[in-house]
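> sequence first, predicted model second:
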Amino acid sequence: RKEVEQDPGPFNVPEGATVAFNCTYSNSASQSFFWYRQDCRKEPKLLMSVYSSGNEDGRFTAQLNRASQYISLLIRDSKLSDSATYLCVVNRWTGNQFYFGTGTSLTVIP
Amino acid sequence: NAGVMQNPRHLVRRRGQEARLRCSPMKGHSHVYWYRQLPEEGLKFMVYLQKENIIDESGMPKERFSAEFPKEGPSILRIQQVVRGDSAAYFCASSLRTPRDTQETQYFGPGTRLLVL
């Protein structure tokens, strides 16, 4: 079973829409959680960390559900510039790696 | 305050040649990771190094690939006798502390795009 699993999409949404992505992780020793964004042919960039109580950064809201082992990212009022692949990332206190999901593709349509 | 640097950004090699990819981590970072990304695919972990030590190379192919992070200078990913299937984007990332540290994260370089003819 993969450490981190994401729905690859693609998600095609109109500007202004609200879109949500989910990500599940398999190892209960996972301790830190992140969302990265990767634009086409560019490097991944940290979008936000995900905290147990949930956290918000402008139009972006991240939630963590440890009991069900999933993480979510909500994007409100989608902009064209939000079009990218969103990567779910976890690390764990027993590991030597950051574990990446394969990413969810988002296209925001005018 | 330079970020992670990689060079070259683009590298073309013929089958059988060697490819050397370089990565300079962010200032103060002593943990380096290499990833490979094939077209239309996700990031694949290859190796995690600290200065002068390979910590985890579980994602590295057993043959032709090697990595080092010397006491001085950049980390090097070396691919010997390249084949067409090695064509990919190779990303380096660095972190300040180990992946086991709570809320530790990593920062990526711009990648090296390797094309094997």
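Right, received. Where do you want to start?
> so which bits of chain A are right by chain B?
Residues of chain A lying close to chain B by CB under 8 Å from any CB of the partner chain are A:31-32, A:34, A:41-46, A:49, A:87, A:89, A:91-103. Yep, even glycine has a C-beta here, placed from its N, CA and C like the rest.
> now do the contacts for the closest residue in space to A:Ser49 that isn't next to it in sequence.
Closest residue to A:Ser49 apart from its sequence neighbours, by CB to CB, 6 or more residues apart in numbering or on different chains: A:Phe34 at 5.3 Å. Residues near A:Phe34 by CB atoms under 8 Å, 6 or more residues apart in numbering or on different chains: A:Leu46, A:Leu47, A:Met48, A:Ser49, A:Val50, A:Cys88, A:Val89, A:Val90, B:Thr105.
> repeat that for A:Cys40.
Shown in contact with A:Cys40 (CB under 8 Å, 6+ apart): A:Ala84.
> distance check, it against A:Arg76.
Per CB to CB, to the nearest Å, A:Cys40 is found 23 Å from A:Arg76.
> phi, psi of the residue of chain B found nearest chain A?
Closest residue of chain B to chain A, CB to the nearest CB: B:Gly42 (3.4 Å). Reported as degrees, to the nearest 10, the phi and psi values for B:Gly42 are phi -80, psi 180.
> then A:Asp82?
Backbone dihedrals for A:Asp82, given as degrees, to the nearest 10, come out at phi -80, psi -10.
> what's the burial count for it?
Close neighbours of A:Asp82, defined as other CB atoms under 10 Å in any protein chain shown, add up to 19.
> same thing with A:Asn55?
Neighbours of A:Asn55 under the rule other CB under 10 Å: 14.
> partner residues bridging it?
Under DSSP bridges, the beta-bridge partners of A:Asn55 are A:Ala62.
> quick one: the strands in chain B, in order.
B:5-7, B:10-13, B:19-24, B:31-37, B:43-50, B:53-56, B:65-68, B:75-79, B:88-95, B:107-108, B:112-116 (DSSP state E).
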